[in-house]
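> Compute the structure for the input listed below.
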Amino acid sequence: MTSDGVLLQVEKMTMRFGGLVAIDDLSFDARDKQITAIIGPNGAGKTTVFNCLTGFYKPTVGRLALRHPGGTFLLEQMEGFRIAARAKVARTFQNIRLFERMTVLENLIVAQHNALMHASAWSVAGLFGLPRYRHAEHEAIERAKYWLDRVRLTDRADWEAGNLPYGAQRRLEIARCMCTGPRLLCLDEPAAGLNPRESAELNELLLDIRESQGIGLLLIEHDMNVVMGISDHIIVLDYGRKIADGNPEAIRNDPAVIKAYLGEDEEDELPPEVAADLAADAARPEV
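Numbers count the residues shown, from 1 in each chain. Model prediction:
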């Protein structure tokens, strides 16, 4: 993290797929201990940004720098598994990706696999029950129990994850990410499919994570009640380009944002001579 609080710095990121430019010269900052939302119409490139940040794609051009006490990481140069393990970036997906046949508790333990494998000296210490592994295993269980409590799933710890209600599965997915100890939590449409009560609970959870864990959150979301209710900073994309960047109040009143979401009036889209012809036709009496 820099002295000005910038956790993630994206500079001039472009992502091309053949002749298609999905992201075009995008730059923005996301700060530590803040919720930064990326919004825009369908097809604006929001998920492509997440895929570049988490190693699913390598941007064609650009610099993606993550800075925190663990060091400075250039994400565009790292493999995806190292982004998660070393840079401490965690991510949820639009479609929930839990281990459905594992229990709720087991989903949170398996999220800590890397730390447990390291403590076990790649199984040797685990096989012999050495103290270093027993200590790590105890810590993993306690961390899982802590997050079960925070997302109100302690009483369902022994349920198979696939049997949870949809909203509870969303909370479990976030808890699983938090068990990895992230510095940046990327949430891809976490409110998708939630009813108003569940969306309000999600808002409370994300605000609690920001305050209690002191990390940065990066959010893609279509639910404007969620976005405007919890975001400190909003970036708006349209056709892969940034069209606005600011606090919720500034974004809510930005003419470019209103145009991107609602479109222009039909008369404004027509060439003047065509609009005049249509007006003349409308004024002509019917025969």
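> quick one, strands of the stretch 1-150 of the chain?
Ranges of strands in the stretch 1-150 of the chain, per DSSP state E, counting those that start in this stretch, are 6-17, 20-31, 35-39, 61-68, 71-74, 89-91.
> Reformat those as JSON lines; add distance to residue 103, mean pLDDT and mean neighbour count.
Every C-beta, even on glycine, is put in place using the N, C-alpha and C of the backbone. Formatted as JSON lines, the strands of the stretch 1-150 of the chain follow (distance: least, Cβ to Cβ, whole Å; pLDDT from 0 to 100; neighbours: other Cβ atoms under 10 Å):
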{"stretch": "strand 6-17", "distance to residue 103": "33", "mean pLDDT": "96", "mean neighbour count": "18"}
{"stretch": "strand 20-31", "distance to residue 103": "34", "mean pLDDT": "96", "mean neighbour count": "18"}
{"stretch": "strand 35-39", "distance to residue 103": "30", "mean pLDDT": "97", "mean neighbour count": "25"}
{"stretch": "strand 61-68", "distance to residue 103": "32", "mean pLDDT": "96", "mean neighbour count": "19"}
{"stretch": "strand 71-74", "distance to residue 103": "33", "mean pLDDT": "95", "mean neighbour count": "14"}
{"stretch": "strand 89-91", "distance to residue 103": "21", "mean pLDDT": "96", "mean neighbour count": "24"}
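> Turn these into CSV, including distance to residue 45.
Converted to CSV, the strands of the stretch 1-150 of the chain look like this (distance: least, Cβ to Cβ, whole Å):
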stretch, distance to residue 45
strand 6-17, 8
strand 20-31, 5
strand 35-39, 9
strand 61-68, 13
strand 71-74, 21
strand 89-91, 17
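> and of the ones you listed, who's closest to residue 205?
Distances from residue 205 to each of those were compared using Cβ to Cβ; the minimum, 11.6 Å, belongs to strand 35-39.
> What count of nearby residues applies to residue 82?
14 (other Cβ atoms under 10 Å).
> Just give the closest residue to it, not the sequence neighbours.
Counting by Cβ to Cβ, 6 or more residues apart in numbering, the nearest residue to residue 82 once its immediate chain neighbours are dropped is residue 55, at 7.7 Å.
> right, so of the strands of the stretch 1-150 of the chain, which gets closest to residue 221?
Each of the strands of the stretch 1-150 of the chain was checked against residue 221 via Cβ to Cβ, and the shortest separation belongs to strand 35-39, namely 6.1 Å.
> how far away is residue 89 from residue 259?
Taking Cβ to Cβ, to the nearest Å as the measure, residue 89 and residue 259 are separated by 33 Å.
> Then residue 51?
Distance, residue 51 to residue 259, by Cβ to Cβ: 27 Å.
> Between these two, tell me which one has more neighbours.
residue 51 (20 against 13).
> Can you read off the pLDDT for the more buried one?
pLDDT, residue 51: 95.
> Could you pull out the helices in this structure for me?
In chain order, the chain shows helices spanning 46-53, 80-85, 104-110, 113-119, 124-127, 131-150, 166-178, 196-213, 224-230, 248-252, 255-262, 266-269, 272-283, with DSSP state H as the criterion.
> quick one, the first one and strand 20-31 angle?
It refers to helix 46-53. What separates the directions of helix 46-53 and strand 20-31 is an angle of 70 degrees, with axes from the mean of the first three to the mean of the last three Cα atoms, to 10 degrees.
> contacting residues around helix 46-53?
8, 10, 13, 15, 22-23, 26, 38-40, 57-59, 62, 64, 75-76, 83, 89, 91, 94, 186, 188, 218, 220, 237, 240 (Cβ atoms under 8 Å, 6 or more residues apart in numbering).
> ok, now with 7 Å
Identification of contacts with helix 46-53 by Cβ atoms under 7 Å, 6 or more residues apart in numbering yields 13, 15, 22-23, 38, 40, 57, 59, 64, 75, 89, 91, 186, 188, 220, 237.
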